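Colleague: model the following, please.
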Amino acid sequence: RFGIELIHLHNISGGRDGLMSSLSESRVPYGYTVHDLNFACPTITFLNEKQAYCGGVTDSAVCRHCLALQPEFKHVDIESWRERHRALLARAAFIIAPSPWAGSMLRRYFPEHEIEIIPHASSEGMQRDDAVKSRLPCPDDGRPVVAVLGAIGPDKGSRRLESLVALTRARALNLRWVLIGYLDRGRVPSQSEDGVFTMHGPYDSRELAALLEHYKVRLVAYPSAGPETFSFTLSEAWAAGLPAVVPPIGALAERVRATGAGWIFDESEWPSEARMLDRIVSLLDEKHRGEYDAAAARARAGPQSTLESMVSETLAVYRRAKTDASIERSMSPIAIERCLAALHYAPWIMPDPKAIAEDESSLDAAPAASSDVVARFAQAALRIRHTLPGRMLYRIAPKSVVAALKARLAP
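Modeller: Residues are numbered from 1 along each chain as shown. Next up, the predicted model:
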């Protein structure tokens, strides 16, 4: 019905079962972009019950035991999980990953598939309605400031950041921390009384360079517990000319290793917040200023994928998929009943006029109760008015019904 020639999957978590069922029946070619490793592991981040990175274990028995210890995943049959996603990928006309690491990690679990590497583009950022406009004060006392960027939950190191701040305070180090973003425990901007830690809150990425300058940031740190498949914030930090220090896992380490625009915690430092902090203090020491300046210069000069190049490469993949896919494309229209079912549409049936007359006559007997029911219905209709189902209902409902509901909403 819509003339769809190609489907591009990104995150299917919100409709996994329905998509798998529909795509298995459809002859329209589709592809997938690896934004995370959810197909390999339902935890997405490869964190075990101790919130530690497992390294990408493939042994199903080990994975089964790990998931059983995590309440959220204890009912997952990992063999079935991987086989279902293997079948989905087997029919894919293309698979795209934003980094070589993401592609190689997916192939560790699903080695049958070739993967195109197309890095995410750097753009001018995007607006967000909840962005904090005001900026907290930053003392101009010469203390080096280390920034952490983004929405930081346990997998991105929220507890580790809290530990780093506590250690900085306990050691009375000449260092400040700023989180340009927020923690899983709160989004409200705040600053500790001693100024050691500042949380800016949600931010508009178009303003990030100005925020980094305002907070006098010298280094961007990633205290992540789990791996990243790319990291937009690393691109943004480099665009602002700031080097980064990252964990020895995932695309973060891969990108820093390839550019030299920062440093990688070694295997002895990364497991320990105390040793991570020692490394950060050392990197910011004036005696290492030459090394710091060289890394900052590489950050500023490093090439980044543009929106134009990403679009061009992706469209080339689309063209090949449409030309080379061995799966015959089905151009037959989708039944309207299936479209309506997907929108959770329930048909409206015109009531019997006699029943309407009887209902109207009963209003005098129970005006308050009837009015209350109709008013509640009118309020419910108003709430969904600007959704897709609401717009469809508005178009097909008789004008008399719409007028009656509007009358109930009138002051």
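Colleague: now stretch 301-311, how far from the centre of its chain.
Modeller: In terms of Cα atoms, centre = their mean, to the nearest Å, the centre of stretch 301-311 is found 21 Å from the chain centre.
Colleague: oh sorry, the question was meant for stretch 157-176
Modeller: Relative to its chain's centre, stretch 157-176 lies at 27 Å (Cα atoms, centre = their mean).
Colleague: repeat that for stretch 153-173.
Modeller: Relative to its chain's centre, stretch 153-173 lies at 23 Å (Cα atoms, centre = their mean).
Colleague: can you report phi and psi for residue 8?
Modeller: Taking degrees, to the nearest 10, you get phi -120, psi 110 for the backbone angles of residue 8.
Colleague: what strand or helix carries the residue nearest to it when sequence neighbours are not counted?
Modeller: Nearest residue to residue 8, sequence neighbours excluded (Cβ to Cβ, 6 or more residues apart in numbering): residue 31, at 5.6 Å. No exception for glycine: its C-beta is placed from N, CA and C like everyone else's. With elements taken from DSSP states H and E, the one containing residue 31 is strand 30-33.
Colleague: how about the strands in this structure?
Modeller: With DSSP state E, the ranges of strands along the chain come out as 7-9, 30-33, 94-97, 116-117, 145-152, 176-183, 190-191, 197-199, 217-221, 244-246, 262-264.
Colleague: looking at these, spot the one closest to residue 349.
Modeller: Nearest to residue 349, of all these, is strand 7-9, at 34.6 Å by Cβ to Cβ.
Colleague: sheet partners, orientation included, of that closest one?
Modeller: When pairing is defined by DSSP bridges, strand 7-9 lines up against strand 30-33 (parallel).
Colleague: so what touches the partner strand?
Modeller: Applying Cβ atoms under 8 Å, 6 or more residues apart in numbering, the contact partners of strand 30-33 are 6-10, 23, 88-89, 91-98, 317-318, 321.
Colleague: just the buried residues from these, in PyMOL please.
Modeller: Burial among the contacts of strand 30-33 is assessed by 16 or more other Cβ atoms under 10 Å; the matching PyMOL selection reads:
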select buried, resi 6+7+9+23+88+89+92+93+94+95+96+97+98+317+318+321
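Colleague: for the residue lying closest to residue 78 once chain neighbours are set aside, which residues are in contact?
Modeller: Spatially, and ignoring its direct neighbours in sequence, residue 78 is nearest to residue 63 (4.7 Å; Cβ to Cβ, 6+ apart). Taking Cβ under 8 Å, 6+ apart, we find residue 63 in contact with 41, 57, 78.
Colleague: gap between the first one and residue 73?
Modeller: As defined by Cβ to Cβ, to the nearest Å, residue 41 lies at a distance of 9 Å from residue 73.
Colleague: go on, residue 151?
Modeller: Between residue 151 and residue 73 the computed distance is 22 Å (Cβ to Cβ).
Colleague: and for residue 195?
Modeller: Note on residue 195: its distance to residue 73, by Cβ to Cβ, is 40 Å.
Colleague: then residue 260?
Modeller: Distance from residue 260 to residue 73, counting by Cβ to Cβ: 38 Å.
Colleague: pull the number of nearby residues for residue 50.
Modeller: Other residues near residue 50 come to 10 when the count uses other Cβ atoms under 10 Å.
Colleague: and for residue 341?
Modeller: Close neighbours of residue 341, defined as other Cβ under 10 Å, add up to 11.
Colleague: likewise the one 10 residues further on?
Modeller: As a burial measure, residue 351 scores 10 neighbours (other Cβ under 10 Å).
Colleague: ok, now which ones touch it?
Modeller: Applying Cβ under 8 Å, 6+ apart to residue 351 gives no contacts.
Colleague: was I right about residue 167 contacting residue 272?
Modeller: No. Using Cβ atoms under 8 Å, residue 167 is not in contact with residue 272, being 10.2 Å away.
Colleague: what's the nearest residue to residue 20 if we skip its chain neighbours?
Modeller: Going by Cβ to Cβ, 6+ apart, residue 20 has residue 88 as its nearest residue, at 5.9 Å.
Colleague: pLDDT score assigned to that neighbour?
Modeller: At residue 88, the pLDDT value in this model is 95.
Colleague: ok, now residue 112?
Modeller: You'll see residue 112 listed with a pLDDT of 88.
Colleague: try residue 329
Modeller: Looking at residue 329, its pLDDT stands at 51.
Colleague: make 10 the starting number, not 1.
Modeller: Got it, the first residue is 10 from now on, which makes the last one we talked about residue 338.
Colleague: where does the stretch 310-420 of the chain dip in pLDDT?
Modeller: For the stretch 310-420 of the chain, the stretches with pLDDT under 70 are 333-343, 359, 362, 364-408, 410-411, 414-420.
Colleague: can we see that at 80?
Modeller: Low-confidence regions of the stretch 310-420 of the chain, defined by pLDDT under 80, span residues 333-420.
Colleague: residue 163 against residue 234, yeah?
Modeller: Yes. Between residue 163 and residue 234 there is a contact under Cβ under 8 Å: 6.3 Å.
Colleague: got any residues that touch both of these two?
Modeller: In terms of Cβ under 8 Å, 6+ apart, residue 163 and residue 234 are both contacted by the residues 56, 60.
Colleague: which of those two has more neighbours?
Modeller: Shown here are residue 163 and residue 234; by other Cβ under 10 Å, residue 234 has more neighbours (22 against 16).
Colleague: hmm, residue 22 is touching residue 47, no?
Modeller: Yes. Counting by Cβ under 8 Å, residue 22 sits close enough to residue 47 to count as a contact (6.7 Å).
Colleague: give me the more crowded residue out of the two.
Modeller: When neighbours are counted by other Cβ under 10 Å, residue 22 and residue 47 differ, and residue 47 comes out ahead with 17 against 10.
Colleague: mind checking how far that one is from residue 127?
Modeller: According to Cβ to Cβ, residue 47 and residue 127 sit 19 Å apart.
Colleague: which of residue 269 and residue 82 has more neighbours?
Modeller: Just comparing residue 269 and residue 82: by other Cβ under 10 Å the higher neighbour count belongs to residue 82, 17 against 14.
Colleague: just the helices in the stretch 10-159 of the chain please.
Modeller: Along the stretch 10-159 of the chain, the segments classed as helices by DSSP state H, counting those that start in this stretch run 25-34, 69-77, 87-99, 109-118.
Colleague: residue 290: which of these is closest?
Modeller: Proximity to residue 290 (Cβ to Cβ) singles out helix 109-118 among those, at 28.5 Å.
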